[in-house]
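Participant: sequence isn't available, so here's the structure alone:
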């Protein structure tokens with residue numbers, strides 16, 4: 001069978017996609033592992049051919065994955081990264097040594113998968129996508145894979161893997177209608193990736209969530225390493241180019257690191273990654289001592305406090321819940337407190353807590369432009385404008401549905417030393433990167449030595 005790239009994508013998108021249709025319950029009768037297990041078995045169990053770091057969590061799992069991938073690559077290992085969702089281009093989800101899968105390879109692999117998939121009733125888009133990624137990494141003979149959970153953990157299609165280490169990043173309230181209304185319920189779903197006897201690394205957690213993780217890890221005889229207890233970190237200097245910090249096992253000594261990813265939360269994410277990488281090293285993956293220093297410096301993760309323009313400053317951040325908005329607010333105050341003229345371009349999905357995000361972010365801005373991503377779950381501009389007024393916002397509110405028009409409007413009459421923030425959803429940030437002509441999968445960072453913006457190579 002000969003397919004074009006578009007025909008291959010059309011086939012893939014003919015399967016039900018719960019990233020778009022979130023009304024379906026996240027429950028065993030709807031979501032289970034039988035289908036992805038059968039699919040991967042029919043493809044020769046490609047996920048058994050390389051060591052894996054498996055990452056779940058509410059916030060930070062993408063950043064932790066990027067830190068792990070960059071470090072493994074810096075160690076000279078051919079490294080696959082499976083992540084979701086993408087910002088601009090579907091192929092961003094499948095990377096080897098930070099390069100996206102080619103359209104030709106994606107088409108070839110989907111054609112190989114189709115005969116097996118046709119014999120399995122009820123397959124979903126994400127199950128097929130996960131199999132595609134795991135097969136791709138096997139075909140390309142990678143040395144290691146970093147695999148990010150799509151949603152939850154226990155019933156997620158990626159939970160077919162048997163990793164060297166499981167990782168649980170920061171847990172908070174998100175997707176509550178699917179995963180549960182308490183942190184304990186959410187933690188139980190995320191902890192579903194913990195395998196018997198397999199070490200697990202956890203970010204610092206609220207007590208309610210921490211107790212669940214501790215219980216499940218003990219029950220499954222999985223050694224639990226907790227950042228803040230077993231591994232520690234100390235923040236250093238933060239600039240608009242990045243930040244320094246120290247991290248290491250609690251018994252010491254701590255080591256100095258630098259990363260272009262900004263924010264106190266990224267120090268924690270980097271330390272979670274370091275702890276997970278230490279486990280992989282102890283289990284036989286060759287990681288020289290300097291690989292983590294080089295990897296954290298070279299990490300590439302677009303759309304996370306990404307400064308893409310100066311004069312005026314333009315920041316893209318994929319914050320999409322109250323906790324991530326709080327972290328974004330703290331970074332803005334730390335680095336841009338002296339900027340008086342501020343405009344926020346905001347769009348969000350219907351299932352997100354916009355009230356919390358507006359309560360945290362709007363006090364920092366005198367002008368709000370609400371817009372709407374080209375996504376079936378996006379809130380309308382009129383809904384967003386109403387919510388802004390409901391939280392008592394006294395600044396100017398404009399409704400500009402198209403991202404290109406919203407950016408043009410924000411830039412009108414803006415003095416050089418001013419700031420435009422674009423935030424609220426991953427899809428929105430992806431559209432903004434398209435408008436600015438930024439390469440998919442490549443972050444814009446400020447070079448530490450020259451303080452000039454450069455595109456990472």
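Facilitator: The structure has been received and is ready for your questions. None of these values were measured; they are calculated from a predicted model.

Participant: low-confidence regions, the chain specifically.
Facilitator: 1, 18-31, 173-180, 447-457 (pLDDT under 70).

Participant: just give me the longest helix of it.
Facilitator: Taking DSSP state H as the criterion, the chain has its longest helix at helix 264-282.

Participant: give me the next element, helix or strand, following that helix.
Facilitator: Toward the C-terminus, helix 264-282 is succeeded by helix 291-298 as the next helix or strand (DSSP states H and E).

Participant: just want the angle from the host helix or strand of residue 55 to helix 264-282.
Facilitator: Here residue 55 is covered by strand 52-56, with elements defined by DSSP H and E. Between strand 52-56 and helix 264-282, the angle comes out at 150 degrees (axes from the mean of the first three to the mean of the last three C-alpha atoms, to 10 degrees).

Participant: and the angle for whichever helix or strand comes after strand 52-56 with helix 264-282?
Facilitator: Per DSSP H and E, strand 52-56 leads on to helix 61-74 as the next helix or strand towards the C-terminus. Here helix 61-74 runs at an angle of 50 degrees relative to helix 264-282 (the same axes, to 10 degrees).

Participant: report all helices and strands that helix 61-74 contacts.
Facilitator: On a contact count with 3 or more C-beta pairs under 8 Å, 6 or more residues apart in numbering; DSSP states H and E, helix 61-74 meets strand 52-56, strand 79-82, strand 144-148, helix 264-282, helix 291-298. In short, each C-beta sits where N, CA and C put it, glycine included.

Participant: how about the strands in the stretch 51-200 of the chain?
Facilitator: All strands of the stretch 51-200 of the chain, identified by DSSP state E, counting those that start in this stretch, fall at 52-56, 79-82, 94-96, 99-100, 144-148, 165-168, 200-202.

Participant: show me which residues of the last one are buried.
Facilitator: To tie it back to what came earlier, the one meant is strand 200-202. If you call a residue buried by 16 or more other C-beta atoms under 10 Å, then strand 200-202 has these buried ones: 200-202.

Participant: next secondary structure after that strand?
Facilitator: Next helix or strand after strand 200-202 toward the C-terminus (DSSP H and E): helix 207-219.

Participant: who touches that next one?
Facilitator: Residues from elsewhere that reach helix 207-219 (C-beta atoms under 8 Å, 6 or more residues apart in numbering): 168, 171, 182-184, 186-188, 191, 194, 200, 202, 205, 222-224, 226.

Participant: quick check on these: which are buried?
Facilitator: 168, 171, 183-184, 186-188, 191, 194, 200, 202, 205, 222, 224, 226.

Participant: which two among those residues are spaced furthest apart?
Facilitator: Largest separation among these by C-beta to C-beta: 183 and 222, giving 20.0 Å.

Participant: for residue 105, find the nearest of the helices and strands packed on helix 61-74.
Facilitator: Smallest distance to residue 105 across these (C-beta to C-beta): 12.6 Å, for strand 79-82.

Participant: quick one: contacts of that closest one?
Facilitator: 50, 65-66, 69, 72-73, 93-98, 130, 133-134, 136-137, 140, 142-148, 158.

Participant: and the residue positioned nearest the centre of the chain, how close does it get to residue 56?
Facilitator: In the chain, the centroid-proximal residue (C-alpha atoms, centre = their mean) is residue 62; its distance is 2.8 Å. Applying C-beta to C-beta, to the nearest Å, the value for residue 62 to residue 56 is 11 Å.

Participant: and what of residue 196?
Facilitator: Relative to residue 56, residue 196 is positioned 17 Å away (C-beta to C-beta).
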